[in-house]
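**Student:** Starting from these lines, generate the structure:
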Amino acid sequence: MPPPKSFFRRKLQPREIRWLIYLAVVLAVGAWRFMPRPWHSTLILETPHHKIFSTATRQQVEDTAHALERLYTAYSNRLGSVSGWTKAWPNIFPPAGSWPTNSPWAGSI
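**Tutor:** Residues are numbered from 1 along each chain as shown. Below is the predicted model:
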């Protein structure tokens, strides 16, 4: 009966085994670093214009929410005085019936 075949054709030298161990450690650290982890917020704070999910302390989240509300108010007041400013989102697409049925740049539809 022939001896069982090894995965490698020759016996690995200690230097090669050491490099394989280094490679395994680097791959393990890389996998640990870049693997997605579940994130659960410990605090949910709702303001009139924002909903904040956070793991920070309540005081930190309230300070951030206060700053966000002041920023929102400042920008909405500033942009509200601009002529033609509307708070509604503009419709950038024309109605469905107004699309061309044959366009020279798009070819025949």
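**Student:** helices and strands of the chain: which one bottoms out on pLDDT?
**Tutor:** Every helix and strand in the chain was compared by mean pLDDT, DSSP states H and E; the lowest is strand 107-108, with a mean of 50.
**Student:** Which parts of this structure are strands?
**Tutor:** In the chain, the strands defined using DSSP state E lie at 43-46, 51-54, 102-103, 107-108.
**Student:** Show the end-to-end separation of stretch 33-49, please.
**Tutor:** Distance between the boundary residues of stretch 33-49 (CA to CA, to the nearest Å) amounts to 35 Å.
**Student:** ok, now stretch 43-53?
**Tutor:** OK, stretch 43-53 end separation, CA to CA: 6 Å.
**Student:** Report the helix of the chain that spans the greatest number of residues.
**Tutor:** Longest helix of the chain, by residue count under DSSP state H: helix 58-80.
**Student:** Tell me which residues are up against it.
**Tutor:** Outside helix 58-80, the residues that touch it by CB atoms under 8 Å, 6 or more residues apart in numbering are Leu43, Leu45, Thr47, Pro48, His49, His50, Ile52, Ser54, Ala56, Trp85, Lys87. Any C-beta I mention is one placed from the backbone N, CA and C, and that applies to glycine too.
**Student:** Not counting residues beside it along the chain, what's closest to the fifth one?
**Tutor:** Think His49. Among residues not flanking His49 along the chain, Tyr72 sits closest, at 5.1 Å (CB to CB, 6 or more residues apart in numbering).
**Student:** Let me know how buried that neighbour is, in neighbour terms.
**Tutor:** For Tyr72, the neighbour count with other CB atoms under 10 Å is 14.
**Student:** Tell me how far it lies from Glu62.
**Tutor:** Going from Tyr72 to Glu62 by CB to CB, to the nearest Å gives 15 Å.
**Student:** That concludes my questions; thank you for your assistance.
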